[in-house]
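Colleague: just need the structure, nothing else, for what follows:
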Amino acid sequence: MWKEEIMERRLVNLSTMKAGAKGVVTEIRGGLGLLRRLENLGIRPGVKITKVSAQFMRGPVILRVGHTQAALGFGMAQKIIVGIKSGQ
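Modeller: Numbers count the residues shown, from 1 in each chain. So this is what the prediction gives:
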């Protein structure tokens, strides 16, 4: 990822993104177990994702990675830092 792209992006965690928002994973703040689990789902720094939906009151977060959809718990979603364009 180029520095110009990073500078134009605002960093938020996945749980606070709006449904339909797209971004690039910039950081995962978790232990080795979380990193391995997300890696198996194709979620790692540098990957483009789209938040599909979220449930009310700390429910699961559904996101699209490539052509695959995955559901993550609210706690896991809070540990994924995503760079989104400032207008989203």
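Colleague: R29 against K79, yeah?
Modeller: Yes: using C-beta atoms under 8 Å, R29 makes contact with K79 at a distance of 4.6 Å. Placement of C-beta: from N, CA and C, glycine included.
Colleague: quick one: which of these two has more around it?
Modeller: Per other C-beta atoms under 10 Å, whichever of R29 and K79 has more neighbours is K79, with 18 against 11.
Colleague: low-confidence ranges in the chain?
Modeller: For the chain, the stretches with pLDDT under 70 are 1-7, 86-88.
Colleague: residue boundaries of the strands in it?
Modeller: Secondary structure of the chain (DSSP state E): strands at 9-13, 22-28, 48-54, 61-65, 68-72, 80-85.
Colleague: L35: which of these is closest?
Modeller: Among these, strand 22-28 comes nearest to L35, with 5.9 Å by C-beta to C-beta.
Colleague: so what are the sheet partners of the closest one and their directions?
Modeller: Here strand 22-28 has these sheet partners by DSSP bridges: strand 48-54 (antiparallel), strand 80-85 (antiparallel).
Colleague: just the buried positions in the shortest one, please.
Modeller: Buried residues in strand 80-85, counted by 16 or more other C-beta atoms under 10 Å: I80, I81, V82, G83, I84.
Colleague: how about the first one: what's its closest non-neighbour residue?
Modeller: Read it as I80. Take I80 and drop its neighbours on the chain: the residue closest to it by C-beta to C-beta, 6 or more residues apart in numbering is L14, 4.2 Å away.
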